[in-house]
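K.L.:
below: sequence and its predicted model.
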Amino acid sequence: MFGCMKCSKISGVLFLVFGIVFLLEDLGLWTLGLSWYTIFFALIGIISIGNSMCKDCQAMMKGKK
Ligand SMILES: [Zn+2]
């Protein structure tokens, strides 16, 4: 989904964690007080920065082009 295998795994875990957090909020067990899109864009930013610093992702992008 995002970059190399390693980064895909990390981003998958991040999305899963926040998915569970918002599930708990929907169930009323937890009050986060943040909008989902705030978290969403923060995650995209974190993953993009991670990809740009990851050697495997850079090698993969170079290999594709
Ligand atoms: Zn990577």
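P.N.:
Right, received. Where do you want to start?
K.L.:
now the residue positioned nearest the centre of the chain: which helix or strand?
P.N.:
Residue closest to the average C-alpha location in the chain (Cα atoms, centre = their mean): residue 11, at 3.7 Å. Taking DSSP states H and E as the definition, residue 11 sits inside helix 5-26.
K.L.:
hmm, who's touching the lowest-mean-pLDDT helix or strand in the chain?
P.N.:
Least confident helix or strand of the chain, by mean pLDDT, DSSP states H and E, is helix 55-64 with a mean of 85. Helix 55-64 is contacted by residues 3, 4, 5, 6, 7, 51, 52 when judged by Cβ atoms under 8 Å, 6 or more residues apart in numbering. (Each C-beta comes from the backbone N, C-alpha and C, glycine too.)
K.L.:
among these, which two are most distant?
P.N.:
5 and 52 (16.9 Å; Cβ to Cβ).
K.L.:
which parts of this structure sit against the ion?
P.N.:
Counting by Cβ under 5 Å from the ion, the residues of the chain close to the ion are 3, 4, 7, 54, 56, 57.
K.L.:
just the buried members of those residues?
P.N.:
By neighbour count, with 16 or more other Cβ atoms under 10 Å, those hold 3, 4, 7, 54, 57 as buried.
K.L.:
low pLDDT regions in the protein?
P.N.:
Low-confidence segments of the chain, defined by pLDDT under 70: 1, 64-65.
K.L.:
give me that answer again for 80
P.N.:
Applying pLDDT under 80 to the chain flags residues 1-2, 32, 63-65.
K.L.:
hmm, back to that, tell me the helices and strands packed up against the helix or strand following the helix holding residue 11.
P.N.:
On the C-terminal side of helix 5-26, the closest following helix or strand by DSSP H and E is helix 36-53. Helix 36-53 sits against helix 5-26, with contacts defined as 3 or more Cβ pairs under 8 Å, 6 or more residues apart in numbering; DSSP states H and E.
K.L.:
could I get the helix it packs on in PDB with only the CA atoms?
P.N.:
Extracted C-alpha coordinates of helix 5-26, given in PDB (Å, rounded to 0.1, in the frame of the first residue of the first chain):
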ATOM      1  CA  MET A   5       7.000  -4.200   2.600                       C
ATOM      2  CA  LYS A   6       8.300  -2.800   5.900                       C
ATOM      3  CA  CYS A   7       6.600   0.600   5.500                       C
ATOM      4  CA  SER A   8       3.400  -1.100   4.300                       C
ATOM      5  CA  LYS A   9       3.400  -3.100   7.500                       C
ATOM      6  CA  ILE A  10       4.100   0.000   9.700                       C
ATOM      7  CA  SER A  11       1.400   2.000   8.000                       C
ATOM      8  CA  GLY A  12      -1.000  -0.900   8.200                       C
ATOM      9  CA  VAL A  13      -0.400  -1.200  11.900                       C
ATOM     10  CA  LEU A  14      -0.900   2.600  12.400                       C
ATOM     11  CA  PHE A  15      -4.200   2.600  10.500                       C
ATOM     12  CA  LEU A  16      -5.300  -0.500  12.500                       C
ATOM     13  CA  VAL A  17      -4.500   1.200  15.800                       C
ATOM     14  CA  PHE A  18      -6.400   4.400  14.900                       C
ATOM     15  CA  GLY A  19      -9.200   2.200  13.500                       C
ATOM     16  CA  ILE A  20      -9.500   0.600  16.900                       C
ATOM     17  CA  VAL A  21      -9.300   4.000  18.700                       C
ATOM     18  CA  PHE A  22     -12.200   5.400  16.600                       C
ATOM     19  CA  LEU A  23     -14.100   2.100  17.100                       C
ATOM     20  CA  LEU A  24     -13.800   2.600  20.900                       C
ATOM     21  CA  GLU A  25     -14.900   6.200  20.500                       C
ATOM     22  CA  ASP A  26     -17.900   5.200  18.400                       C
END
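K.L.:
cool, thanks, signing off.
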